[in-house]
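Novice: fold the following for me, if possible:
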Amino acid sequence: MKRRINIWKNLDWTTVIVYVVLVLLGWLNIYAAVYNDEHQSIFDFTQRYGKQMMWIVAAFFLALCVTAIDSNFYPTFAYIIYACSILLLAAVLFFGKEVNGARAWFEVGPVSLQPAEFMKLACSLTLARFMSSPNFKINTTQNLLVISAILAVPAALILLQPDMGSVLVFSAFLFVLYREGLPGLVLFFVFLVAILFVLALLYAQATLLIIIASGAVIGISVANQRVGYFIIGVLSIVFVSFMAWSTGRLLNFSIPFYTQLSVGIIIPSVVFLVYSFFRRIQYLTAIILMVFGSIVFTYTVDYFFHKMLADHQQKRVNILLGKESDPLGAEYNVNQSKIAIGSGGFAGKGFLQGTQTKFNFVPEQSTDFIFCTVGEEWGFLGSITVLGLFGLLLIRLIRIAERQRSVFNRIYGYSVTSVLFLHVAINVGMTIGLLPVIGIPLPFFSYGGSSLWSFTVLLFIFLRLDSARLEKSR
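Specialist: This next block holds a predicted model:
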């Protein structure tokens, strides 16, 4: 009995209170988003707000159960939880219910469960267990391959559903790996890949090759503080490209301009690689290898974009990049969301006074676009308050993670923080038109049992681990 009393005494109640406030605010905004004059009671179980209340009660019960379980349970059974979650992800592809073109849900009576939501929990526990093993070093090739497999297997299964939004969430674990010693160069490489992906969608292949080559010669010149390297690099690319063009003309064979540029970049790069082997020019090898990788990557973007993304996802990305305009189609959700948020002004229109939400102008306004209800009815002040609460929660979780004595606890804590941060950033970003619409819920706010339960369990496992830290410190 004394041990159970200590659990509740040592629990970080500040975090618990912020969690409860966010959940209740989410419930009120779901009520406002789908308010029905004929069903005015917030406890009406035939409406979404009544059902959300049931999910909230179940979430509070899950929080109690998670907190009551011995803290050693989670690292001990981390791999088993991961294996079971993988099996569920595989099973949903065959036996799941299809919703909005994605086979991602199990329907159990009146309850629909999405295994992908709970996979974030399984990956967090598994990464923490693996990376907290004795003599673990993150920079070894073997360990990086294992970590990649832990994240890639569920991501691949979710991609088959398909659900690109949930796949993107796995990128949150990069922040965890960086905190645990992954070189910053890796994060820079990921950032570079993202930029190249966008540039490949915006520009023609030849233009992209010029951008890559320019960046490479500038990088080599700056790294070695030699203007001559820039001049030699540009002249070499121009000369070899001209020779490729001339060869085509002599043989009466038309060579595409981007092919000429590719030859003009690759041949000098190989020559400079050999030259660098003898002269050891700083960073030359790394930059040239990045050039090769960038060129190969740009050729795969078109295939990935058109083969892996659904048509509506392609359209949303193209609209965000300004390549298409569809105000009554794919653009409609975001346009209505921005109108709703903008119409709220500084202090908002007031509770249940939102016209955009009341007349159902914003699709999915109780799930993916719940934040627009906050903006319309509570205005700038309400939006800042909600974002401030999320910010307080994230800062609190970072502080809790940093005070952990156990490596497992710290890694798991940063996993929780990173997943929550990415969800908030992407969800809010897409409702205000900064990011494409990819269907990611706002934690503790969006309607639905799966997301609320998974985020609740994710959070309270960490709070339980933290309470065990305080017990052991005595």
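Novice: okay, domains of the protein per the record?
Specialist: As given by automatic domain parsing, the domain ranges for the chain are 2-190+324-462, 203-309.
Novice: how about the nearest residue to residue 51 once chain neighbours are set aside, secondary structure?
Specialist: Leaving aside its sequence neighbours, residue 51 sits nearest to residue 45 (Cβ to Cβ, 6 or more residues apart in numbering; 6.3 Å). No exception for glycine: its C-beta is placed from N, CA and C like everyone else's. Following DSSP: H, G, I helix; E, B strand; the rest coil, we place residue 45 in the coil state.
Novice: so for residue 420, what's the pLDDT?
Specialist: Note on residue 420: pLDDT of 95.
Novice: for the residue nearest in space to the middle of the chain, give me its contacts.
Specialist: Centroid check for the chain by Cα atoms, centre = their mean gives residue 169 as the closest residue, at 3.2 Å. By Cβ atoms under 8 Å, 6 or more residues apart in numbering, residue 169 lies in contact with 120, 419, 422-423, 440.
Novice: by neighbour count, which of the residues you listed wins?
Specialist: In terms of neighbours by other Cβ atoms under 10 Å, the contacts of residue 169 top out with residue 120 at 27 neighbours.
Novice: separation between that residue and residue 207?
Specialist: Distance of residue 120 to residue 207, computed by Cβ to Cβ, to the nearest Å: 38 Å.
Novice: how about residue 58?
Specialist: 53 Å.
Novice: again, but for residue 112
Specialist: From residue 112 to residue 207 the distance is 46 Å (Cβ to Cβ).
Novice: just checking, next helix/strand downstream of the lowest-mean-pLDDT helix or strand in the chain?
Specialist: Counting by mean pLDDT, DSSP states H and E, the chain has its least confident helix or strand at helix 2-10, which shows a mean of 60. As assigned by DSSP states H and E, the chain's next helix or strand after helix 2-10 is helix 13-33.
Novice: list the contacts of that following helix.
Specialist: With contact meaning Cβ under 8 Å, 6+ apart, helix 13-33 is reached by 42, 48-49, 52-53, 56, 59, 351-352, 354, 357, 365-366, 370, 373-374, 377, 386, 389-390, 392-393, 396-397, 400, 442-447, 452, 456, 459, 463.
Novice: give the residue farthest from the middle of the chain.
Specialist: residue 250 (51.4 Å).
Novice: and that one, what pLDDT?
Specialist: 79.
Novice: same deal with residue 188?
Specialist: So, for residue 188, pLDDT stands at 79.
Novice: same question, the one 10 residues further on
Specialist: Reported pLDDT at residue 198 in the predicted model: 78.
Novice: and it, how far is that from residue 192?
Specialist: 11 Å.
Novice: and what of residue 440?
Specialist: For residue 440 relative to residue 192 (Cβ to Cβ), the value is 24 Å.
Novice: cool, residue 448 as well?
Specialist: 35 Å.
Novice: more neighbours: which of the two?
Specialist: residue 448 (20 against 15).
Novice: am I right that that one is in contact with residue 54?
Specialist: No - using Cβ atoms under 8 Å, residue 448 is not in contact with residue 54, being 11.7 Å away.
Novice: tell me, what's touching those two both at once?
Specialist: With Cβ under 8 Å, 6+ apart, residue 448 and residue 54 have no common neighbours.
Novice: now residue 429: phi and psi?
Specialist: Main-chain torsions, residue 429, degrees, to the nearest 10: phi -60, psi -40.
Novice: count of neighbours near it?
Specialist: Quick note: residue 429 (other Cβ under 10 Å) scores 16 neighbours.
Novice: shouldn't it be in contact with residue 436?
Specialist: No - checked against Cβ under 8 Å, the pair residue 429 and residue 436 is beyond contact range at 9.1 Å.
Novice: list the contacts for residue 196?
Specialist: Contacts of residue 196 by Cβ under 8 Å, 6+ apart are 208, 212, 294, 297-298, 301.
Novice: among the residues you listed, who's most crowded?
Specialist: residue 294 (24 neighbours).
Novice: separation between the nearest residue to it once chain neighbours are set aside and residue 306?
Specialist: Once flanking residues are discounted, residue 294 sits nearest to residue 212: 5.0 Å by Cβ to Cβ, 6+ apart. Distance, residue 212 to residue 306, by Cβ to Cβ: 22 Å.
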